[in-house]
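K.L.:
My questions concern the predicted model and sequence given below.
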Amino acid sequence: MEHLTISIYVLGLLVLLALVFDFMNGFHDSANAIATVVSTGVLKPQSAVAMAAFFNFIAIFVVSMKVAQTIGKGTIDPHVVDHYVIFGALVGAIVWNIITWYYGIPSSSSHALIGGLVGAAVAKSGTGALVAAGLWKTVIFIVVAPMLGFVLGSIIMLLVSWIFVKSTPRKVDVWFRRLQLVSAAGYSLGHGGNDAQKTMGIIWMLLIAAGHVSPTGTLFGGWRIVKTMGQKITKLKPVGGFCAETGGAMTLLMASFWGIPVSTTHTITGAIVGVGASQKASAVRWGVAGNIVWAWIFTIPASAFMAAIAWWIGRQIM
């Protein structure tokens, strides 16, 4: 990658934009980490977001940096990266996040960022700037991540139902109110180990390009997203919340181990639907789930389109 001449002010602006994106991530993907534990009443919102923020932060010390490497050099050719591409990618992702947050649609901040990188890179250099292997891996996991979350959430729910078949509902509720604290922490750790690295990856690209060699949004809470995830898809009790979070956490940690940037939104949605469907199909509001899936389909192309426009604007003003 060629070193670019970027003023310290432009560099600061772009790092600030990256952190704004990470903050907006707290209104989307980070909100998923607390949706189940809040909706089941195990934790109050303030306690839940504080816990999620803590485990998101310590994930950097626990999980490898493979996802950041994939974002940094596995989606677009590093040689096309300049301050205009980074500007376009971040603005495109932020605008899409704001639109979907406003309507309470849990779309993927991860795929918004990847779509932004794709749109800005193609606007600059055409499709030859894309790294096909990394992008195909990401696209495939748009389907695999929610399916894996669905399967794991369903299996864990069925196992728990079988193990506690002779227990009273009250006793089960008491036990899983405690266990859901563990599963929520595990899911937040998985989120931090995958999603938080995406912003690190884009800042890394920027600093390398410039020759210069921290997630916060969860604390402010994406309550619109929490309401959709925790209440509108299916009615969750502590035992269901535990199973969904455990299935989601397992999926995220496996993806992080392989360096695959997956959507935590897709993962936990699949797990929640799996938990609901394992009890009875009518327990899931399939119309709400279907609307979420449409948002997943449009996220990458929509954010790519916005990023291409933002790249052109950046060329005019920076």
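P.N.:
Cool, got the structure.
K.L.:
Poorly predicted segments of this structure, please.
P.N.:
Along the chain, the model assigns pLDDT under 70 to residues 1-6, 26-34, 60, 64-66, 68-69, 72, 195-201, 203-232, 283.
K.L.:
quick one: furthest residue from the center of it?
P.N.:
Lys166 (37.5 Å; C-alpha atoms, centre = their mean).
K.L.:
Just confirm that residue is within a helix.
P.N.:
No: under the criterion used here (DSSP: H, G, I helix; E, B strand; the rest coil), Lys166 is coil, not part of a helix.
K.L.:
got the phi/psi numbers for it?
P.N.:
In terms of degrees, to the nearest 10, the main-chain angles of Lys166 are phi -100, psi 0.
K.L.:
same for the host helix or strand of Gly247, what does it pack against?
P.N.:
Using DSSP states H and E, Gly247 sits within helix 238-257. In terms of contacts (3 or more C-beta pairs under 8 Å, 6 or more residues apart in numbering; DSSP states H and E), helix 238-257 is packed against helix 29-39, helix 66-73, helix 132-163, helix 169-194, helix 264-279. For every residue, glycine as well, the C-beta is placed using N, CA and C.
K.L.:
Report the inter-axis angle for it versus helix 132-163.
P.N.:
150 degrees (axes from the mean of the first three to the mean of the last three C-alpha atoms, to 10 degrees).
K.L.:
Buried residues, helix 238-257. List them.
P.N.:
238-256 (16 or more other C-beta atoms under 10 Å).
K.L.:
and the residue nearest to Lys171 when sequence neighbours are not counted, what is it in contact with?
P.N.:
Distance criterion C-beta to C-beta, 6 or more residues apart in numbering; nearest residue to Lys171, sequence neighbours excluded, is Phe164 at 8.0 Å. Contacts for Phe164 (C-beta atoms under 8 Å, 6 or more residues apart in numbering) come out as 171-172, 175, 239.
K.L.:
For Phe164, give its distance to Gly270.
P.N.:
23 Å (C-beta to C-beta, to the nearest Å).
K.L.:
Next: Pro78.
P.N.:
From Pro78 to Gly270 the distance is 32 Å (C-beta to C-beta).
K.L.:
Comparing the two, which residue is more hemmed in?
P.N.:
Gly270 (28 against 16; other C-beta atoms under 10 Å).
K.L.:
I figured the more buried one was touching Val143, is that so?
P.N.:
No: with contact defined as C-beta atoms under 8 Å, Gly270 does not reach Val143; the gap is 9.9 Å.
K.L.:
Format the helices and strands packed on helix 238-257 as TSV; extra columns: distance to Pro301.
P.N.:
Formatted as TSV, these follow (distance: least, C-beta to C-beta, whole Å):
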stretch	distance to Pro301
helix 29-39	19
helix 66-73	19
helix 132-163	11
helix 169-194	22
helix 264-279	16
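K.L.:
To Gly12, which of those helices lies closest?
P.N.:
helix 66-73 (19.9 Å; C-beta to C-beta).
K.L.:
Show me what secondary structure element comes after that closest one.
P.N.:
helix 83-102.
K.L.:
Show me what the helix or strand just after that next one packs onto, helices and strands only.
P.N.:
As assigned by DSSP H and E, the chain's next helix or strand after helix 83-102 is helix 109-125. Judged by 3+ C-beta pairs under 8 Å, 6+ apart, helix 109-125 is in contact with helix 8-25, helix 66-73, helix 83-102, helix 132-163, helix 196-210, helix 264-279, helix 286-317.
K.L.:
can you do 6 Å?
P.N.:
helix 83-102, helix 286-317 (3 or more C-beta pairs under 6 Å, 6 or more residues apart in numbering; DSSP states H and E).
K.L.:
most tightly surrounded among those helices?
P.N.:
Greatest average neighbour count among those goes to helix 83-102 (a mean of 24), per mean count of other C-beta atoms under 10 Å.
K.L.:
Run through who's touching it.
P.N.:
6, 10, 14, 17-18, 21, 24, 27-28, 107, 109, 112-113, 116-117, 119-121, 124, 206, 302-303, 306-307, 310-311, 314-315 (C-beta atoms under 6 Å, 6 or more residues apart in numbering).
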